[in-house]
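In: sequence first, then the predicted structure, then my questions.
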Amino acid sequence: MVIAENIHKSFGELDVLKGIDIHVKEREVVAIIGQSGAGKTTLLQILGTLDKPTSGKVTIAGEDISLLSENALSDFRNKHIGFVFQFHQLLPEFTALENVMLPCQIGGKTDKYAEERARELLNFLKLGHRLDHKPSELSGGEKQRVAIARALACNPSVVFADEPSGNLDSHNAKELQELFFSLREEYGQTFVIVTHDMQMASCCDRMIKIKDGLIEQ
């Protein structure tokens, strides 16, 4: 599902990634771990097409993303990639339902389809009673579940999550961990998760540890 080959990333004279090779299979749940500054988030942004490597190649769902124009890349991102961030990034003026509908609407789906898909996901995530609530009316755990529903709205090939439990208490973090696996079972989803939460990481199919810009063997 995701292949990264010899990924290097430099910012000026600072080499952050020094030759990363990663293969993620379809339906895998993979954790990327390592100390702060190791290059985890930089790698996730490159894998998720939000940043470009200095050199190296990323292939997602069989597509070499380096060959895509900016418009084609935006379209590919909308159709194939979901993102979950530590701080949710929900739009405060929209309800939970409207936030989850947005990716489908941006992707050109009808409002009817977008609403049906959003309701399906929010009901699966046990948020059917919170559809009309805005983010300010939701708990931290509920906001993160809305963010996950939004990430899944377009049925992406892979979901990239950056410290998804970093802003949650231990109870909600454990629920989130279980949720990733139930989503994998229900929707056949692939997840790549950057995390400091070793309990979450240890439950994933694999852990990839990055140290000083390299994968630690």
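Out: Structure received.
In: look up how far residue 52 lies from the residue most central in space within the chain.
Out: For the chain, the residue nearest the mean C-alpha position is residue 160 (2.2 Å; C-alpha atoms, centre = their mean). For residue 160, the distance to residue 52 equals 15 Å [C-beta to C-beta, to the nearest Å]. The way it works is simple: take the backbone N, C-alpha and C, and place the C-beta from them, glycine included.
In: just residue 17 next, same as before
Out: 12 Å.
In: what touches both of these two?
Out: residue 46 (C-beta atoms under 8 Å, 6 or more residues apart in numbering).
In: between those two, which one's more packed in?
Out: residue 17 (26 against 14; other C-beta atoms under 10 Å).
In: tell me the strands beside the one helix or strand that one maps to, with direction?
Out: Residue 17 belongs to strand 14-24 when elements are defined using DSSP states H and E. Looking at strand 14-24 with DSSP bridges, its partner strands are strand 2-11 (antiparallel).
In: who are the packing partners of the top helix by length along the chain?
Out: Counting residues, the longest helix found in the chain (DSSP state H) is helix 170-187. Helix 170-187 is packed against strand 29-33, helix 140-152, strand 191-194, helix 198-203, with contacts defined by 3 or more C-beta pairs under 8 Å, 6 or more residues apart in numbering; DSSP states H and E.
In: for these, which one sits closest to residue 48?
Out: strand 191-194 (8.3 Å; C-beta to C-beta).
In: quick one: that closest one to chain centroid distance?
Out: Distance of strand 191-194 from its chain centroid, counting by C-alpha atoms, centre = their mean, to the nearest Å, is 6 Å.
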